[in-house]
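Participant: below is the sequence, then the predicted model.
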Amino acid sequence: MTEGKVMNRWWVVVGALVIQISLGAVYIWSVFQTPLRAYFPEWTEGHVTLPAQIVLAAFALAVIFGGRIQDRLGPRKVATAGGLILGGGLILARFAGAFEPTAALVWLIFTFSILGGIGIGAAYVCPIATCVKWFPDKRGLITGLAVAGFGAGAFFFAPLARALISGGAYRLFNVPLFNVPQVGVFNTFMTLGFIFLAAVVIGAQFLRNPPAGYVPVGWVPPETAKAVPAKADYTPTEMLKTPAFWLLWITYFAGCTAGLQVIMKASPIWQSFVFAAEPTPIAEQTFIDVAAAGAAAVAILAIFNSLGRILWGKISDSLGRKSTLVIMFVLCGAAMLLLDWMRIYPLYLLMISLVALSFGGFLALYPAVTADFFGTKHIGVNYGWMFSAYGAGGIFGPFLAARLMRVVDNVPYEVVDAQGRMAEKFFEVGDYRPAFLIAGIACLVAAVITTQVKPHKTEPLAQETEGNQK
């Protein structure tokens, strides 16, 4: 079937980007951490990290089930349901402030983490599975584009969340653009919930699977893939029995552990670096400026996270998936090992941007690798299983940062309370070096493992995975 007889496949990419920009706002959790700890002084670093860990785990599990359902019902219905669940979860999170500290944490986990994670996972897999089917000729690039919005979401929404929480200017690259009314931390959840609900539901309407037998005009499948008399599509059960799957899963887990550790903690890490050297108590304006710089770091992370998905996806189409993955793991591992020495803001941004660039590449390449190794017929659920490495890394990475963080000081800072009076609160300055060290070494080990990954002997796309030459 020719492309001229069906819809323009680039409309699917448009819908994918609209959806993913909204779903990617899950990465802005670090902006909420300090305001939530100020509202609930009883919460520890572990408490405030828990919703971030659980939302990533729920997200990853939902990708498995969402992928299976969208393989049967189609992407539009499942993505629409995901947008409704995500938006509803954040809107309900608005009421966490009405509870005492323990109940508030449970409520946030149920609404933001579990409902939000289910909604994100259900909607996330649909654009990826759909785009892979429409673009067999540009698999690396298009999976990068399909998930680029997910990385970019925090660029737009981290500064918006910070401005809504504390009032003041909406800033991009720390440049004030326009003023935003202060609504507080809990109403910010609700505001974002309405935005995400509308955007995901609208984007879902662009998603359609291609007709059976669809091939882009002028594209001929690689002869290397045709020449191997082997099975083209693996069921999930068959895939899970191959050594290649588990080796790829381990490497994906290592990359996600490092990337999510930094992304979910970027703002408090920078605040710890600064406040460790500042005279105390920290003046209100100084605290606001440092918090704004932390939010800007999250936004800059989002840019490189997004760029990495497109850049590495394109590179892998010519260089090969394996070689590209090795480069990314080495780059990410080196940045993690150097991060604690980078306490000047531009150097800090450089290191976390390298981590984000690599992490974005992982999110782009592993869907393509899954399709290369195991076919596209069951790509929704197969990539769901591969994506469980992301969920495991989402639990382990932030856990490492919170569990291994050693509190080196309790720094007082000034803040204006709800009655307009100056109050003094405390910020825990943390030492994150052990967590950085473990994550960095894991990435370097993953680079070595990647060089040893051998495709299952009956996998028809093995040579495409190695070189993927056109």
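Facilitator: Cool, the structure landed. Quick caveat, the model's predicted, so the values are computed rather than measured.

Participant: buried sites along the helix or strand hosting Trp270?
Facilitator: Using DSSP states H and E, Trp270 sits within helix 266-275. Under the neighbour-count criterion of 16 or more other CB atoms under 10 Å, helix 266-275 has Ala266, Ser267, Pro268, Ile269, Trp270, Gln271, Ser272, Phe273, Val274, Phe275 buried. In short, each C-beta sits where N, CA and C put it, glycine included.

Participant: need the contact partners of it.
Facilitator: The contact list for helix 266-275 (CB atoms under 8 Å, 6 or more residues apart in numbering) reads 30-31, 33-34, 262, 282, 290-291, 293-295, 297-298, 301, 343, 345, 348, 352, 401, 409, 411, 413, 427-432.

Participant: following that helix, which helix or strand shows up next?
Facilitator: Per DSSP H and E, the first helix or strand lying C-terminal to helix 266-275 is helix 284-319.

Participant: list the helices and strands that next one packs on?
Facilitator: helix 29-39, helix 139-166, strand 168-172, helix 243-263, helix 266-275, helix 321-338, helix 345-374, strand 406-416 (3 or more CB pairs under 8 Å, 6 or more residues apart in numbering; DSSP states H and E).

Participant: so among the contacts of helix 266-275, which ones count as buried?
Facilitator: By neighbour count, with 16+ other CB under 10 Å, the contacts of helix 266-275 hold 30-31, 33-34, 262, 282, 290-291, 293-295, 297-298, 301, 345, 348, 352, 401, 411, 413, 427-432 as buried.

Participant: closest one of the buried residues of helix 266-275 to Ala368?
Facilitator: Ala368 lies nearest to Ala266 out of these, by CB to CB, at 26.9 Å.

Participant: and the closest one, how far is that from Ile303?
Facilitator: Ala266 is 13 Å from Ile303, where distance means CB to CB, to the nearest Å.

Participant: as CSV, the buried residues of helix 266-275 with pLDDT would be great.
Facilitator: Conversion of the buried residues of helix 266-275 to CSV gives the following (pLDDT from 0 to 100):
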residue, pLDDT
Ala266, 81
Ser267, 80
Pro268, 81
Ile269, 85
Trp270, 83
Gln271, 81
Ser272, 83
Phe273, 80
Val274, 79
Phe275, 78
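
Participant: adding distance to Ser166, write those out as TSV.
Facilitator: What follows is the buried residues of helix 266-275, written out as TSV (distance: CB to CB, whole Å):
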residue	distance to Ser166
Ala266	18
Ser267	13
Pro268	16
Ile269	20
Trp270	17
Gln271	14
Ser272	19
Phe273	21
Val274	17
Phe275	17
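
Participant: closest to Pro216 out of these?
Facilitator: Taking CB to CB as the measure, Pro216 lies nearest Ala266 of those, at 39.1 Å.

Participant: Val180 is nearest to which of the helices and strands packed on helix 284-319?
Facilitator: Evaluated with CB to CB, these place helix 139-166 nearest to Val180, the distance being 3.8 Å.

Participant: ok now the closest one, how far from the chain's centre?
Facilitator: How far helix 139-166 lies from its chain's middle: 9 Å, per CA atoms, centre = their mean, to the nearest Å.

Participant: now do the helix or strand hosting Gly430 against helix 29-39, angle only.
Facilitator: Secondary structure from DSSP H and E places Gly430 in strand 422-431. Per axes from the mean of the first three to the mean of the last three CA atoms, to 10 degrees, the angle that strand 422-431 makes with helix 29-39 is 130 degrees.

Participant: just checking, next helix/strand downstream of strand 422-431?
Facilitator: Counting by DSSP H and E, the next helix or strand C-terminal to strand 422-431 is helix 433-452.

Participant: and that next one, what does it pack against?
Facilitator: helix 243-263, helix 321-338, helix 379-403.

Participant: ok, residues contacting that helix?
Facilitator: If you take CB under 8 Å, 6+ apart as the criterion, helix 433-452 is touched by 247, 250-251, 254-255, 257-258, 261, 322, 325-326, 329-330, 332-337, 339-340, 358, 397, 400-401, 403-406.

Participant: run the last query once more with 6 Å
Facilitator: 247, 251, 254, 257-258, 261, 325-326, 329-330, 332-333, 336-337, 339-340, 400-401, 404 (CB atoms under 6 Å, 6 or more residues apart in numbering).

Participant: stretch 27-41 now?
Facilitator: With CB under 6 Å, 6+ apart as the test, stretch 27-41 has contacts from 43, 48, 52, 101, 154, 157-158, 161-162, 165, 185, 263-268, 295, 298, 425.

Participant: quick one: Val429 from Ala152, how far?
Facilitator: Distance, Val429 to Ala152, by CB to CB: 31 Å.

Participant: again with Asn209
Facilitator: 25 Å.

Participant: between those two, who's got more neighbours?
Facilitator: The residue with more neighbours, out of Asn209 and Ala152, is Ala152; 25 against 17, by other CB atoms under 10 Å.

Participant: so that one touches Asn305, yeah?
Facilitator: No - the criterion here is CB atoms under 6 Å, and Ala152 misses it with Asn305 at 7.4 Å.

Participant: can you list the low-confidence ranges for the stretch 1-150 of the chain?
Facilitator: Within the stretch 1-150 of the chain, the ranges that satisfy pLDDT under 70 run 1-6.

Participant: one more time with 50, if that's ok
Facilitator: Scanning the stretch 1-150 of the chain for pLDDT under 50 picks out 1-4.
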